[in-house]
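In: Kindly return the folded structure for what I paste below:
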Amino acid sequence: MRYHQSGKIPQKRHTVFKSEDDKFYYEQLFGTEGFHGISSLLYHIHRPTQIKSISEPKDVTPKIAVAKNVTPRMFKGMNITSEDDFLESRKVLLINNDLKLGLAKPKKSTDYFYKNAECDELLFVHEGSGTLRTFVGNLDFSVGDYLIIPRGTIYSIDFNDEKNVLLFIESHSPIYTPKRYRNEFGQLLEHSPFCERDIVAPTFMEPIDEKGEFLIKVKKENQLWDFVYATHPFDVVGWDGYFYPYKFNIKNFEPITGRVHLPPPTHQNFEAHNFVVCSFVARMYDYHPQAIPAPYNHSNIDSDEVLFYTEGDFMSRNHIDLMDFTLHPGGIVHGPHPGAMERSIGKKFTEEYAVMVDPFRPFQLTEEALKVEDPTYKTSWLETEDNFLHDRSQE
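Out: Below is the predicted model of the structure:
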């Protein structure tokens, strides 16, 4: 992240700051990892602490169906149920102590505010468009956008229509761009597959000075509380710092290619504690005269591997639909489907787009995941007549 400033702020932090009519503005430190991590300072018209009521919590703990998994699996995202409400639409499919991963198909904009009080959120827009509204400004989004929302951000979300599909991650640690792409000052290096120009900060909006009853749904420890505050949460007159939501579009990821097949870390886009997120994008294939563009078989000993297919025809898999998830558990050899390696030889380019999540602790599967599982996937590497026909159809 880089330093950003919007609106009105005092010349020096932690000093008296007043409006033109001599009323105090109220400073808020908004940050993570205690006082050690990155942070921003926000300045409110009203005290941001004026709670009127707190409801009894609603339990939203994902229900675990498979606690220990060694089976390759496919989940059909197109079969996940749409819901009107944004939060109710979020179906957690995979979970461990570091993150939750799932798919959401919300049809309606929120008529409340939301705060995840313990997790950074990553929303990847597979389908739909709209505006993410936050207390530090707005982000318009569309297909292919990653929205990175730091924990504690108060936001609402407006969709332009009812056709929306969001891949989401809730991370118990901050989500950053990879450290190996940044120098000691935090600047992205010349060989990074993206740069600061590709990262879009919120557009500052004029503060909303309103009193009344404002519902903020707060999630923490798998419980959801309704907080009612006495003032509008978007009353920020200005802010500055390094901690804020932003967007990055997958098509701004510049692929790293080579003469022979390069491993998945070349596709890395984000990282957090114990997991990484990679972007597979349209790119030139390997250009050694005898290169095999399809990935080699590998055991992935130290991590599970999840791929979400969002656009194009993924060359290493047979019978893949958009919105499918594949899960390859750590320690179990996986690789191209029968015919995929042979088909890839001589190909020069691919138009595929996919999001990959590699956790370094095994995933557990939820009941929601089993509802949309394709049980035939685990045996799909067998050399069968069906695979042979699929291979010939691609020639």
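In: ranges for the strands of the stretch 101-250 of the chain?
Out: Using DSSP state E, counting those that start in this stretch, the strands of the stretch 101-250 of the chain run over 113-116, 120-127, 130-134, 137-141, 145-149, 154-159, 165-171, 211-220, 223-231, 236-241, 246-249.
In: Give me the contacts around the last one.
Out: Strand 246-249 is contacted by residues 1, 132, 139, 141, 144-148, 194, 198-202, 269 when judged by C-beta atoms under 8 Å, 6 or more residues apart in numbering. No exception for glycine: its C-beta is placed from N, CA and C like everyone else's.
In: for the closest residue in space to Leu382 that isn't next to it in sequence, phi and psi?
Out: Nearest non-adjacent residue to Leu382, counting by C-beta to C-beta, 6 or more residues apart in numbering: Pro338, 7.5 Å away. Note on Pro338: its backbone torsions stand at phi -50, psi 130 [degrees, to the nearest 10].
In: Do I have it right that Pro338 meets Asn318?
Out: Yes. Pro338 lies in contact with Asn318 (C-beta atoms under 8 Å); the separation is 7.3 Å.
In: which residues does the residue nearest the centre of the chain bridge with?
Out: With distances taken as C-alpha atoms, centre = their mean, the residue of the chain nearest its centroid is Leu122 (2.5 Å). Leu122 has these beta-bridge partners by DSSP bridges: Ile148, Ile169.
In: can you pull the contacts of it?
Out: 146-149, 168-169, 171, 175, 270, 277.
In: hmm, 6 Å instead?
Out: Leu122 makes contact with 148, 169, 175, according to C-beta atoms under 6 Å, 6 or more residues apart in numbering.
In: any idea how far Ser279 is from it?
Out: 12 Å (C-beta to C-beta, to the nearest Å).
In: what's the answer for Phe248, then?
Out: 9 Å.
In: ok, now Lys76?
Out: 22 Å.
In: Looking at those two now, which is surrounded by more residues?
Out: Each of Lys76 and Ser279 has its neighbours counted (other C-beta atoms under 10 Å); Ser279 has more, 25 against 15.
In: Go ahead and confirm the more buried one touches Phe270.
Out: No. In this structure, Ser279 is not within contact of Phe270 by C-beta atoms under 6 Å, at 8.8 Å.
In: List the residues that contact the residue nearest to Glu162 when sequence neighbours are not counted.
Out: Among residues not flanking Glu162 along the chain, Lys107 sits closest, at 4.1 Å (C-beta to C-beta, 6+ apart). For Lys107, the contacting residues are 82, 84, 162, by C-beta under 6 Å, 6+ apart.
In: Tell me, how many residues neighbour the second one?
Out: Pointing back at Asp84 there. Neighbours around Asp84, by other C-beta under 10 Å: 11.
In: again with Asp98
Out: Asp98, neighbours per other C-beta under 10 Å, totals 18.
In: from what I can see it touches Asn274, true?
Out: Yes. Here Asp98 reaches Asn274: they are 4.3 Å apart, a contact under C-beta under 6 Å.
In: can you give me how far stretch 184-200 is from the chain middle?
Out: 19 Å (C-alpha atoms, centre = their mean, to the nearest Å).
In: cool, stretch 38-50 as well?
Out: On C-alpha atoms, centre = their mean, the centre of stretch 38-50 falls 26 Å from that of its chain.
In: Can you tell me what sits against that stretch?
Out: 13, 25-31, 207, 209, 229-231, 235-239, 241-244.
In: Now do the buried residues in that stretch.
Out: Of all the residues in stretch 38-50, those buried under the rule 16 or more other C-beta atoms under 10 Å are 38-46, 48.
In: same question, stretch 109-122
Out: 109-110, 113-116, 119-122.
In: Return the residues in contact with Ser109.
Out: Neighbours of Ser109 in contact, by C-beta under 6 Å, 6+ apart: 158-159.
In: And the pLDDT at it?
Out: Per-residue pLDDT puts Ser109 at 98.
In: same question, the one 3 residues further on
Out: Note for Tyr112: predicted pLDDT of 98.
In: For the nearest residue to it once chain neighbours are set aside, give its distance to Pro265.
Out: Once flanking residues are discounted, Tyr112 sits nearest to Leu215: 4.4 Å by C-beta to C-beta, 6+ apart. Relative to Pro265, Leu215 is positioned 43 Å away (C-beta to C-beta).
In: Then Tyr176?
Out: 15 Å.
In: okay, the two: which has more neighbours?
Out: For Tyr176 versus Pro265, neighbours defined as other C-beta under 10 Å are more numerous around Tyr176 (17 against 12).
In: about what we covered before: can you lay out the strands of the stretch 101-250 of the chain as CSV showing distance to Arg361?
Out: Formatted as CSV, those follow (distance: least, C-beta to C-beta, whole Å):
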stretch, distance to Arg361
strand 113-116, 21
strand 120-127, 17
strand 130-134, 29
strand 137-141, 30
strand 145-149, 22
strand 154-159, 28
strand 165-171, 13
strand 211-220, 21
strand 223-231, 23
strand 236-241, 31
strand 246-249, 26
